[in-house]
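Undergrad: okay, structure incoming, though there's no sequence with it:
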């Protein structure tokens, strides 16, 4: 009888670093918010975008001065040239710079003599002054992701015979202090560490609002990960 060739699992490329983002923060809107994540692994623009998409978002979009300041302040300030990719690049079809959602530039903070060039150019935000500068997409730089976080709507009775229901957000505005990726054979988990003092129930409420739960430990490696991710300042 013929023997079937052994099945092979497809190779899954993970474009994000194992350690997760170096820093993150929450940017709140009226009905929804986004978690802005800052990665310090040097990555080409296209691969940086794939990392953001794997995390459920995209490279960050900047539409006002407040968002631009956030993109600047979240970055490292150690090396002047270590600036971060954002979701702006030259669109050949539109013959203009457009954001990853296809929208044109309505707010800008271009540096002197910028934008410079067109084809295969992406945009960086400088941490020194928040100015925008273009660079070849193939160059490897730090990058900023924007991950949507939908709020539950506030419920109001009509007519107002009962008080407005308040939706409690159990997570701190600043997001996790640190995070890392725990890999499995066919999937991965993002482990996030929060330093806000919370009761067990409220901590679980935060994890569930972020689409997960409190960390489950099933082996020594996972226990070591839980230990190493924590602060070492206070015993």
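TA: Thanks, I have the structure now. Just so you know, these numbers come straight off a predicted model, no measurement behind them.
Undergrad: residue 34 and residue 74, how far apart?
TA: As judged by C-beta to C-beta, to the nearest Å, residue 34 and residue 74 stand 12 Å apart. Every residue, glycine included, has its C-beta placed from N, CA and C.
Undergrad: can you check residue 134 too?
TA: 21 Å.
Undergrad: same question for residue 24.
TA: The spacing between residue 24 and residue 74, counted by C-beta to C-beta, is 8 Å.
Undergrad: between those two, which contacts overlap?
TA: Here residue 24 and residue 74 share the contacting residues 36, 38, scored by C-beta atoms under 8 Å, 6 or more residues apart in numbering.
Undergrad: next, count neighbours for residue 212.
TA: 15 (other C-beta atoms under 10 Å).
Undergrad: shaky segments in this protein?
TA: By pLDDT under 70, the weakly predicted segments of the chain are 1-12, 29-31, 150-168, 180-188, 235.
Undergrad: all helices of it, in order?
TA: 45-54, 65-73, 200-209, 220-228 (DSSP state H).
Undergrad: and among the ones you listed, the most buried is which?
TA: Most buried of the helices of the chain by mean neighbour count (mean count of other C-beta atoms under 10 Å) is helix 45-54; its value is a mean of 20.
Undergrad: helices or strands next to that helix in the packing?
TA: Judged by 3 or more C-beta pairs under 8 Å, 6 or more residues apart in numbering; DSSP states H and E, the packing partners of helix 45-54 are strand 32-43, strand 58-59, strand 84-91, strand 141-150.
Undergrad: got the contact list for that helix?
TA: 14-16, 37, 39, 43, 58-59, 85, 87, 89, 100, 122, 137-139, 141, 143, 145-147.
Undergrad: and those, which of them are buried?
TA: 15-16, 37, 39, 43, 58-59, 85, 87, 89, 100, 122, 137, 141, 143, 145-147 (16 or more other C-beta atoms under 10 Å).
Undergrad: end to end, how far does stretch 76-89 reach?
TA: Start-to-end span of stretch 76-89 (C-alpha to C-alpha, to the nearest Å) is 22 Å.
Undergrad: how about that stretch: buried residues?
TA: Applying 16+ other C-beta under 10 Å to stretch 76-89 flags 82, 83, 84, 85, 86, 87, 88, 89 as buried.
Undergrad: who's in contact with the third one?
TA: Okay, so that is residue 84. Applying C-beta under 8 Å, 6+ apart, we find residue 84 in contact with 38, 71, 75, 124, 125, 127, 141, 142, 143, 144.
Undergrad: for the fifth one, same thing?
TA: By C-beta under 8 Å, 6+ apart, residue 86 lies in contact with 59, 60, 61, 62, 71, 123, 124, 125, 132, 143, 144.
Undergrad: switch to 7 Å and redo it
TA: Residue 86 makes contacts with 59, 60, 62, 71, 123, 125, 144, as judged by C-beta atoms under 7 Å, 6 or more residues apart in numbering.
Undergrad: switch those residues over to CSV; also include distance to residue 229.
TA: CSV is the format used below for these (distance: C-beta to C-beta, whole Å):
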residue, distance to residue 229
59, 26
60, 25
62, 30
71, 25
123, 33
125, 28
144, 22
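Undergrad: any idea which of these is closest to residue 169?
TA: Set against residue 169, the nearest of those by C-beta to C-beta is residue 60 (21.5 Å).
Undergrad: what's that closest one sitting at in phi/psi?
TA: Per-residue torsions, residue 60: phi -60, psi 140 (degrees, to the nearest 10).
Undergrad: count of neighbours near it?
TA: 29.
Undergrad: next: residue 99.
TA: 21.
Undergrad: measure the nearest residue to it once chain neighbours are set aside to residue 106 for me?
TA: Leaving aside its sequence neighbours, residue 99 sits nearest to residue 61 (C-beta to C-beta, 6 or more residues apart in numbering; 4.8 Å). Per C-beta to C-beta, residue 61 is found 10 Å from residue 106.
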